[in-house]
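Visitor: What would the 3D arrangement of this be:
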Amino acid sequence: MGLALRPMRWWDVSSLLAAEQELFGATAWSAETFWGELAHPETRHYVVAEGPDGELLGYAGLLRPGPEADVQTVAVLPAAQGRGVGKALLAELVSQAAAGGANTLMLEVRADNEPAVALYTGAGFERIAVRRRYYQPGDHDAWVMRLRPLPQS
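Guide: The predicted structure follows:
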């Protein structure tokens, strides 16, 4: 599968919203949330994954304010799931966190999202805590996961 990663730009937001709604439903981010994130390039890194014809396959975002960075989102469209898109997006976030000086990368994931948990575990993240009823609506627990030390390139 041809896959290209590139920085997310504000004009990408309108095409991401349908995917965001499909993937995350009631907890989907709004256009304003994306724009707010993109307005802080000094501490945020957002990337889009595209196929060979420029079609959206996924996107991901990172908050990197200092020695501890946080995965903000990883989203892979259903048609692209299981094809390595999530792995490529996560690898980009890990690389950018390390390049920005972070030595730890944190994230929260829905405890019942088995494919995402497998992705993160496969990348070396460890489960360190649970946040009960973190995802609303629905009262879904979140696992807090951590990767440290970050691989250096």
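Visitor: Which elements pack onto the helix or strand of the chain with the lowest mean pLDDT?
Guide: Within the chain, confidence by mean pLDDT, DSSP states H and E is lowest for strand 126-135 among all helices and strands, at a mean of 89. Of the remaining helices and strands, those touching strand 126-135 by 3 or more C-beta pairs under 8 Å, 6 or more residues apart in numbering; DSSP states H and E are strand 104-110, strand 140-147. The C-beta positions use only the backbone N, C-alpha and C, and glycine is treated the same way.
Visitor: Any stretches of this protein with poor pLDDT?
Guide: Scanning the chain for pLDDT under 70 picks out the ranges 1, 153.
Visitor: Pull the contacting residues for residue 104.
Guide: 67-69, 146-150 (C-beta atoms under 8 Å, 6 or more residues apart in numbering).
Visitor: And these, which is closest to residue 80?
Guide: Comparing the contacts of residue 104 against residue 80 with C-beta to C-beta places residue 147 closest, at 23.2 Å.
Visitor: which element is the residue nearest to residue 78 when sequence neighbours are not counted on?
Guide: Nearest-residue entry for residue 78: residue 22, 7.3 Å, with adjacent residues in sequence omitted and distances by C-beta to C-beta, 6 or more residues apart in numbering. Using DSSP states H and E, residue 22 falls within helix 13-24.
Visitor: which SS state does the residue of the chain most remote from its centre fall under?
Guide: In the chain, residue 53 marks the outermost C-alpha relative to the chain mean, sitting 22.5 Å out by C-alpha atoms, centre = their mean. Assigned by DSSP: H, G, I helix; E, B strand; the rest coil, the conformation of residue 53 is coil.
Visitor: So it versus residue 130, what's the distance?
Guide: Counting by C-beta to C-beta, to the nearest Å, the gap between residue 53 and residue 130 amounts to 41 Å.
Visitor: again with residue 15
Guide: When C-beta to C-beta is applied, the distance between residue 15 and residue 130 equals 34 Å.
Visitor: in stretch 101-111, what's buried?
Guide: Taking 16 or more other C-beta atoms under 10 Å as the basis for neighbour counts, the residues of stretch 101-111 that come out buried are 102, 105-111.
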